[in-house]
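> curious how this folds, go ahead:
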Amino acid sequence: TLHNRCRGSSKWFESAMYRTPMVLSDMPPYACAEHGVTCLKARTAEEFTEYAVKLCKDSELRNRIGGAAYDAVMTYHTTGACAEQWRRAVAR
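The predicted structure follows:
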């Protein structure tokens, strides 16, 4: 839906900070998350259900994806990680 296409990735960032794995819609707002590594991305309602059930049943998968999501957010998406980019944008 248009509503979903206008969303941002902040919910994924927030969940990652708690190492909570997520099933995301495979849409541009979540391009920063990698399917099978830092999240599971669903293209259909059926895939969403499949991936949610998979996460519920597989604790190793939950831990691996949740940990990788945390690492990705801490490495690429914190204010400290983006500080140089901000400096370049403001210093122009």
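> could you pull out the buried residues of stretch 40-57?
40, 41, 42, 48, 51, 55 (16 or more other CB atoms under 10 Å). Backbone N, C-alpha and C define where each C-beta goes, glycine included.
> which residues sit against whatever helix or strand the last one lives in?
Which is residue 55. Using DSSP states H and E, residue 55 sits within helix 45-57. Residues from elsewhere that reach helix 45-57 (CB atoms under 8 Å, 6 or more residues apart in numbering): 21, 23, 25, 40, 42, 61, 62, 65.
> now the buried members of these.
Buried by 16+ other CB under 10 Å: 21, 23, 25, 40, 42, 61, 62, 65, out of those.
> among those residues, which are located in strands?
23, 25, 40, 42 (DSSP state E).
> touching, residue 8 and residue 30? I think so.
No. The pair residue 8 and residue 30 fails to qualify as a contact (CB atoms under 8 Å) at a distance of 9.2 Å.
> how close does residue 21 sit to residue 7?
Using CB to CB, to the nearest Å, residue 21 is found at 18 Å from residue 7.
> residues touching the residue nearest to residue 72 when sequence neighbours are not counted, list them.
Once flanking residues are discounted, residue 72 sits nearest to residue 38: 4.9 Å by CB to CB, 6 or more residues apart in numbering. Contacts for residue 38 (CB under 8 Å, 6+ apart) come out as 16, 65, 68, 69, 72.
> one more pass at 10 Å, please.
Counting by CB atoms under 10 Å, 6 or more residues apart in numbering, residue 38 touches 12, 16, 21-22, 24, 30, 32, 64-73.
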